[in-house]
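[1] next one to model:
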Amino acid sequence: MPIPEHSASDLVALDIGGAHLKAADGCGWSASIAFPLWQRWRELSAGIAGLVANRRPRRLVATMTGEICDCYPSRSAGVAQIVESLVAAAAGCDDPPGVYLTDGRIVSPSEAIREWRLAAASNWHALARFTASLFADRRGFLLDVGSTTTDIVPLAYGRVAALAHHDADRFLAGELVYTGVERTAVAAIVRSLPHRGLRRPVASELFAESRDAWLTLGELPEDSETCHTADGGPATAAAARVRLARTMLLDPDEFMATDATSAATAIADRQATIIARALRQVARGVGWVPDMVVIAGHGEPLAHRGLANTGWLPEVQRIAAMFSPAVARAAPAHALACIARGTIR
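    Here you go, the predicted model:
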């Protein structure tokens, strides 16, 4: 979302991920930019400052998931370096920055570094807390599908009812699923794909990503300017067809648009199966099937497919419909801004 030329905000919240930087002010403005942290970690403070420059915020608060990137020797080191970059980016602000912890507090940078286990991967908790406050009389699941991962968080009568609170445990419980609509390698999703009556094996190389499937299906907008794809080419359906062909070691003239659609459908169906399996695992863990599911993130099409595969018939609420697609994409940042403003408990 473009940043207005002349605008200001007293507070901006950040969601610092491994592949994107997202920002929101809790009042309707939000922004998201691609930022491959594992490659550009030294530029993080400049990236943050650039993202919020035209907002001229008096205070920055942040949540994160980028500490897991392999540019850092450990998650504690990742938290420390991200927090230090946040402090540098906030040098021109009136007030010191804050960092969100999974126990619900917003703390000083020094405390966040000391409490790195609570600061690490905290964005899901901010969004779940915000979502629970919107449906305080209901019991359901938050289903947040992003570019890289999917979060499934049980919500019960205004509180976060998660089975686990740290990434490794959330991964084990099914609440964190490593599949998304952009950055998941095709070879990590399927081992073979359909092609003209055959089932061709998929090469274990980063030839194509889930983004290529969803571009082919018309469920993600094309972006001819981006270079954040498996081969550095544009994020268009035409380029995605070539990348999908390459996963089967086929040349482009052997792989037409109809072939790409068949392959993309198989990839999307498999991702939906993975998410449905995780949804059922979480339901078993909490002991109940949700009567409501709140969908967030820009991977809505995958969220709907996964939910349909469960056979459940819950009421579906969409963050994009309640607010806007831009806010839904930066939902954890929007949630944190609302928490920091005190507009939710």
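
[2] longest helix in this structure, by residue count?
    helix 257-286 (DSSP state H).

[3] that one - what's its average pLDDT?
    With pLDDT averaged residue by residue, helix 257-286 scores 98.

[4] and that helix, how far from the chain's centre?
    17 Å (CA atoms, centre = their mean, to the nearest Å).

[5] so which elements touch that helix?
    strand 139-145, strand 150-156, helix 167-173, strand 176-177, strand 192-195, helix 210-216, helix 237-247, helix 300-310 (3 or more CB pairs under 8 Å, 6 or more residues apart in numbering; DSSP states H and E). In this view, the C-beta of every residue, glycine as well, is placed from N, C-alpha and C.

[6] looking at those, which one is packed in the most?
    helix 210-216 (a mean of 28; mean count of other CB atoms under 10 Å).

[7] what's the residue nearest the centre of the chain sitting at in phi/psi?
    The centre of the chain sits closest to Gly146, judged by CA atoms, centre = their mean, with a distance of 3.3 Å. The phi and psi torsions at Gly146 (degrees, to the nearest 10) take the values phi -110, psi -160.

[8] so it touches Gly180, yeah?
    Yes. Applying CB atoms under 8 Å as the test, Gly146 and Gly180 come out as touching, 5.1 Å apart.

[9] how about the longest helix of the chain: buried residues?
    259-264, 266-268, 270-272, 274-276, 278-283, 285-286 (16 or more other CB atoms under 10 Å).

[10] ok, stretch 330-345 next?
    The neighbour-count check on stretch 330-345 (16+ other CB under 10 Å) flags 330-340, 344 as buried.

[11] and for stretch 314-324?
    314, 317-320, 323-324.

[12] how about stretch 85-98?
    85-87, 89-90, 93, 97-98.

[13] quick one: mean pLDDT for it?
    Here the average pLDDT along stretch 85-98 is 96.

[14] only C-alpha atoms, please: export it in PDB.
    The C-alpha trace of stretch 85-98 is given here as PDB (Å, rounded to 0.1, in the frame of the first residue of the first chain):
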ATOM      1  CA  SER A  85      17.800  -2.200  14.500                       C
ATOM      2  CA  LEU A  86      14.400  -1.000  15.900                       C
ATOM      3  CA  VAL A  87      16.100   1.300  18.400                       C
ATOM      4  CA  ALA A  88      18.300   2.700  15.600                       C
ATOM      5  CA  ALA A  89      15.200   3.300  13.400                       C
ATOM      6  CA  ALA A  90      13.400   5.000  16.200                       C
ATOM      7  CA  ALA A  91      16.200   7.500  16.900                       C
ATOM      8  CA  GLY A  92      14.200  10.300  15.500                       C
ATOM      9  CA  CYS A  93      11.000   9.500  17.500                       C
ATOM     10  CA  ASP A  94      10.000  11.400  20.600                       C
ATOM     11  CA  ASP A  95       9.400   8.300  22.700                       C
ATOM     12  CA  PRO A  96      11.500   5.100  23.100                       C
ATOM     13  CA  PRO A  97      10.300   2.100  21.100                       C
ATOM     14  CA  GLY A  98       8.500  -0.900  22.600                       C
END
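
[15] return the distance of that stretch from the chain's centre.
    On CA atoms, centre = their mean, the centre of stretch 85-98 falls 24 Å from the chain's centre.

[16] contacting residues around stretch 296-313?
    Contacts to stretch 296-313, defined as CB atoms under 8 Å, 6 or more residues apart in numbering, come from residues 127, 131, 142-147, 150, 179-181, 214, 217, 219-220, 268-269, 271-276, 279-280, 289-290, 293, 295, 314, 316, 318-320, 325, 328-329, 331.

[17] sweet, I'm off.
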